[in-house]
Each structure stands twice: as C-alpha cells, then as structure tokens.
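Colleague: I'd like to go over a predicted model; first the sequence, then the structure.
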Amino acid sequence: MSQALPLRSELPEELTWDLSLLFKSQADFEAALGQLKELVNAFAEKYRDIYFEKGSLLQALKDYEAIQELAYPVFGYANLGYEVDKLNETYEQNETTLMTVSEWMGQKLAFFLPALAKVDAEIFSEVVDDPEGVRYQYFLREVRRVEGQMLDEQVESVLSGLDGSIFNQSRLYGAMKFQDLAFDDFEVDGVTYANSFPAFEGDWESHLNPGVRHGAWKSFHDGLRKFENTAAANYINHVQTEKKIATLRGYESVFDYLLFDQQVTQEAYHRQIDVIMEKFAPVMQRYARLLQKEHKLEKISLADIKMPFSPEESAKISVADSRTMIEDAFQVMGEEYSAVVTRAFDERWIDYPMNKTKSTGGFCSTIYGGPSYILLNWTGLLSEVLVLAHELGHAGHFQLTHKNQSVLTPDVSTYFVEAPSTANEVIMCQYLLNQPIEAKQKQILIAEFISRTYYHNMVTHLLEADFQRKVYRAIDAGELLNAASLNRFFKETLEQFWGDAVEINEGAELTWMRQPHYFMGLYSYTYSAGLTIGTSIGQRIALKEDAAVSAWLDVLKAGGTKTPLELADMAGVSMHDEQTLLSAIGYVDQLLDQIEALG
C-alpha cells in the first residue's frame, strides 16, 4: 500500500520551522500572553473617555503600537503551531485560547478608533509634524478614511466581542477539511493508494499514471460529496453575514464593502475577472491541447490538467540544491534582500514536509520584528522551487515593510499583496531558463512555469473569483443559495473557461470546497492582479535592470503607505486599464510559442 502521511513527531526537525524563535517554551508563550492582557487592560483604563490632545494622543499611539508588536508573536505562535499539527492538544488549546483573547481584545480596544475619529484634524497634524509622531501618519490617515463606515462605540464593541462567533465559518471549514473529511483508498494495477487532501493535491492529481490520477479524482470527490451540504450551509452563512455587516455599515452592495479595504473600485475588480475569462481562456485552452498532444491522449479532462508536461518521470530536486538555486537567483535583488533569503534558510523559517493534519498548499506568515514563517508541502519536484521563491517573495516584502514602517501602518492592499511573490516566480523561472540546459529540459521547465505560476494564480484562483462573484451577486439580489446552486455556479464557470478543449469530470463542480479563500473576502481575484504586476516588473528585474530593482525595493519598503495602484505606478506598472493584463496574457502566449518551437 502506498505509504500514508507521517505524524508531525516523525519528521526530521531540520526540515521543520522553528517556533522557538518566537518563544523558547510554552511557559514563555503563556507569560507573554499574560503580559499582552495586562497591556490591553492598562490601555483601556488609561485612555477610555480621555480628551486627546497632542501629548496624550502621541503617548496613546506609542502604547497601542506596543500592544500590536507583542500581539504578533503571541498570535503567531498559537496559530502556526496549530497549522502544522492539529493533533497536538497544546496547539489546539493555544489556538482556541487566542480566538477568545482576540474577541476580548477587540472589545476592550473598540473605543479607540471611534475616539480617534473625533479628534480634531489640527491635533492629528501636530502629532505627525512631531519627529516622534511622523511614523503614525499613515495610521491616522487610515482612521480618517474609514471614519464614514464606523458605528458608535457600543456597537463596535459588541461586534468586536462577537467577531470570532459571527465569523467562525473559516474555523468550521478547517475542522471539516482537516479533521472530518476522509477519502477512501483506491487501487490501481494492484497497488493500493492512501488518499488525503495533501496527498491528492501534492501527488496524485499530477501523477504520470492516468489510472492513479482518475482513481484519486474519484476517491477525492466522492469524499467531498459526503460533506457538500454542510460545507455549503457554512459558506452561505459566511456570505450572508458579510452582507448583513455591509448593510449595517451603510453599503448597498457587498462588493463595495469588501473592496473598500482593498482600496479598489468595482471597475478594476470586474475588469480583472472579465478580461481573463475572455482573453486568457483561449491561451490556456491552447496549453491544454499541447498537454494532450504531448501525452498522446484521445481527450484531456480536468483530472489530467495538473499532470506534468513531460510523459517522462520528473526529476526531483533536493532541499539543499533548491537553496543554492534560490540564493543565486535573488542576488539580483541586492544585499539587503538576499540577507532575508539567507536568514530564512539559516534560521529555519521554512516548514517543508507533509504530515498528517498539516494545512495544505503554502503560505508565508511574517511576525513583526521576527521571522517570516513559510509553510510548504514539499514534493521535491522542480516546480517546488517556484513555490518556495513565491513564498520568499512574501517574506522579502514584509521583512522590508516592517523594517521601514510602524506596526500600525495599514497592511498593503490584498490587490497588491501577491505581486512581490509572483514577481519572484518570474525572476526564478528566467534564472533557470538561463542555465545551460538542453532544449527538452527547457521545454519542460517553461511548461512547469506556466502550470505552477499562471495556471495556479491566473486560472485556479481566477475561476474561484468568477464563481465567488456569482455568489455575491446572488446575495445582493436576495436569491436562494444552496449546495446545488453553488455546484451549478462553479460548473458554469468551468465550462465557460475551458470550452470544448477540456472535459469537465463529474465532481469538478465541488471544486469550491477545496479552498479557504472564500472566507477571506474578495481575495481570490487578487492573485491574478498581483501576477499581472509581478509579470511586468519580474521580467525587468530578470533582465537586471538596475532602475527596476531599485524602484521595486522602494515599493516593498512602502507597504500600505500607498494605494495598490500607486504602488504599481511606483514600479512603473500601470493598472489603470487592461493593457498590462493583456501584456501578461501575451507573455504566456509567447511562452507557449517557445514550447512548440523547442518541440
């Protein structure tokens, strides 16, 4: 039988991340949590009902900043432990405790932002003119920006205190996905394979053997089917709650409410989805046909679309070799950026192997003033180097942002947040293509690049976004939603995008059950927006344009001090119309030309 995933305790420690960089022990974590509670209580007691003048406001900002700086490692330690080992009772208790603490903190501090909104503009100006207060200018600017949607202090306090209960759907989804969902073993050619979320997404759906791919597909989607109504009820509850909050805060449309934080217009949002559904679909249909031809298949289905381009067994790469490649490729970014990459390896910021109950996919979580923890599910394929480069892009971005901005400076818009990561994928791929490799290897690498970078970010997540848009439109219109309508929405999206080029397998309509992105507002479409920006600036950096590197480093340091379109403008990339998006689509089309030419 194909080996099941190991327990966390069975993994080599050197391949896992080191949470002791945050706290040496559970006791130290609990002590810091106690200190955090003391700071919050002292802040509320000192500043509630105070009339702010320059001196008191400046001190309040310093004290509020200290709370947030401590909250980062405390919450990070609890969340990250649970992300990799949901069987560990201590991690589970930490995660549960922090949910309660988060609600409590929100309730205790709910008075502060409404109180700031009432402060005279002249006092704000006096604070930011002070050498000690200039670091808070963007936080105070954000207070003014969100003032119009603030409710009175009592309502904000109640909402903050109930936040973990009102928006607990993501946690319920995680419990279903990692603790309840189980998939039947499947047998191919006398071999029995164990199936799971990480095994399916990391190994089986990209397996060279079509029997394994299709056997795993059936096992996986049969497993999803058993929970579709529960998953649908949970997700529908989430979007209905978002609609209620949007209405409470004065928004006619849930789209406007969710896009407000991103500082993006509905026009930019809809353009990103519409252009890709119309213009990028034919390019990816072309890729599917090339894949079908290379594997000599009579037809290609969604159960085959993740298979590697080459019918030959893919070469594996070691963790050590991937480090060498990564460090060499990103020397182009200069010493400061390269130092972040080196620290990630030396200080064990990266968690490589799969294990039971570990979260699937990959992410980077940066602790203010601390490490950028990177979660991977390492398979050893060359494409994993692109995944690692992607997550290190997030690490480099937020390490530079945090080094140059206060913890109170607003986070960068999610519309932009995937640009630094996807730019790194472009830089990494161009680096690999410049190595002395044979034509066939180069062809395979380009195909891997398209599959990992553009399929994943501009197809997988964009299809999620198109589906999600249908859901929110139904919510705005007050239409009935259930599992059947969610399945119908996703199947319609798949059929529109793939046309007659790819067969839509039974079970594909359940794809909406695979991602947690739907519990993060309008996040899915931002991958394609970030990749559009990343493709443009990444190509210039790969060509070693000093001006592009310098401008990009300034952008990474700016963080949320500017809107996402302003950040793109700083990098010399315009997102004010569809031209840059069309250029990115054209870039992928040219990559397909290279694949054909190399064949």
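Modeller: Good, I have the coordinates.
Colleague: which intervals of this structure have sub-threshold pLDDT?
Modeller: 1-3 (pLDDT under 70).
Colleague: ok, longest helix in it?
Modeller: helix 54-84 (DSSP state H).
Colleague: for the residue nearest the centre of the chain, give its distance to residue 437.
Modeller: Here the mean C-alpha position of the chain is nearest to the C-alpha of residue 363 (C-alpha atoms, centre = their mean), at a distance of 6.1 Å. Separation of residue 363 from residue 437 (C-beta to C-beta, to the nearest Å) stands at 30 Å. Where C-beta positions appear, they are placed from N, C-alpha and C, glycine not excepted.
Colleague: and what of residue 256?
Modeller: 49 Å.
Colleague: just residue 506 next, same as before
Modeller: According to C-beta to C-beta, residue 506 and residue 437 sit 40 Å apart.
Colleague: residues of the one helix or strand residue 239 maps to that come out buried?
Modeller: Here residue 239 sits within helix 228-248, counting by DSSP states H and E. Using 16 or more other C-beta atoms under 10 Å as the test for burial, helix 228-248 gives 228, 231-232, 234-236, 238-239, 242-243, 245-246.
Colleague: do the same with stretch 554-566
Modeller: Within stretch 554-566, the residues that count as buried by 16+ other C-beta under 10 Å are 555-565.
Colleague: what of stretch 54-70?
Modeller: Buried residues in stretch 54-70 (16+ other C-beta under 10 Å): 54, 57-58, 60-61, 64-65, 67, 69-70.
Colleague: and of these, the nearest to residue 425?
Modeller: Residue 425 lies nearest to residue 69 out of these, by C-beta to C-beta, at 31.3 Å.
Colleague: Validate this expectation: residue 312 resides in a helix.
Modeller: No - looking at residue 312 with DSSP: H, G, I helix; E, B strand; the rest coil, it is coil, so not inside a helix.
Colleague: what about it, distance to residue 441?
Modeller: Counting by C-beta to C-beta - residue 312 and residue 441 are separated by 11 Å.
Colleague: again with residue 524
Modeller: 33 Å.
Colleague: which residues in the stretch 151-300 of the chain form helices?
Modeller: In the stretch 151-300 of the chain, the helices defined using DSSP state H, counting those that start in this stretch lie at 153-166, 169-175, 197-202, 210-225, 228-248, 254-262, 266-275, 281-294.
Colleague: Throw those helices into a markdown table and include distance to residue 467, thanks.
Modeller: As requested, these are exported to a markdown table (distance: least, C-beta to C-beta, whole Å):
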| stretch | distance to residue 467 |
| --- | --- |
| helix 153-166 | 24 |
| helix 169-175 | 16 |
| helix 197-202 | 18 |
| helix 210-225 | 15 |
| helix 228-248 | 11 |
| helix 254-262 | 15 |
| helix 266-275 | 10 |
| helix 281-294 | 15 |
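Colleague: which one of those helices lies closest to residue 479?
Modeller: Closest among these, using C-beta to C-beta: helix 228-248, at 11.0 Å.
Colleague: and the contacts of the closest one?
Modeller: The contact list for helix 228-248 (C-beta atoms under 8 Å, 6 or more residues apart in numbering) reads 151, 159, 166-167, 169-170, 172-173, 176, 224, 253-254, 256-258, 471-472, 475-476, 481-483, 486-487, 510, 512-513, 518-519, 521.
Colleague: cool, and stretch 443-454?
Modeller: With contacts defined as C-beta under 8 Å, 6+ apart, stretch 443-454 is touched by 284, 287, 290-291, 306, 308-310, 314, 381-383, 386-387, 390, 422, 425-426, 429, 432-433, 437, 531, 588, 591-592, 594-595, 598-599.
Colleague: now the residues you listed: which count as buried?
Modeller: Here, 16+ other C-beta under 10 Å leaves 284, 287, 290-291, 306, 308-310, 314, 381-383, 386-387, 390, 422, 425-426, 429, 432-433, 531, 588, 591-592, 595, 598 buried among the contacts of stretch 443-454.
Colleague: out of these, which sit inside helices?
Modeller: Applying DSSP H to those, the entries found in helices are 284, 287, 290-291, 383, 386-387, 390, 422, 425-426, 429, 432-433, 531, 588, 591-592, 595, 598.
Colleague: about what we covered before: quickly note the distance from the closest residue to the residue nearest to the centre of the chain other than its chain neighbours to residue 146.
Modeller: Spatially, and ignoring its direct neighbours in sequence, residue 363 is nearest to residue 375 (5.2 Å; C-beta to C-beta, 6 or more residues apart in numbering). For residue 375, the distance to residue 146 equals 31 Å [C-beta to C-beta].
Colleague: residue 93 too?
Modeller: 34 Å.
Colleague: over to residue 293?
Modeller: 53 Å.
Colleague: okay, domains of this protein per the record?
Modeller: As assigned by automatic domain parsing, the chain contains the domains 8-165, 319-443+528-598.
Colleague: list the buried residues for stretch 80-96?
Modeller: In stretch 80-96, counting by 16+ other C-beta under 10 Å, buried: 80-86, 88, 91, 94-95.
Colleague: could you do stretch 575-585 as well?
Modeller: Going by neighbour count (16+ other C-beta under 10 Å), the buried part of stretch 575-585 is 575, 578, 580-581, 584-585.
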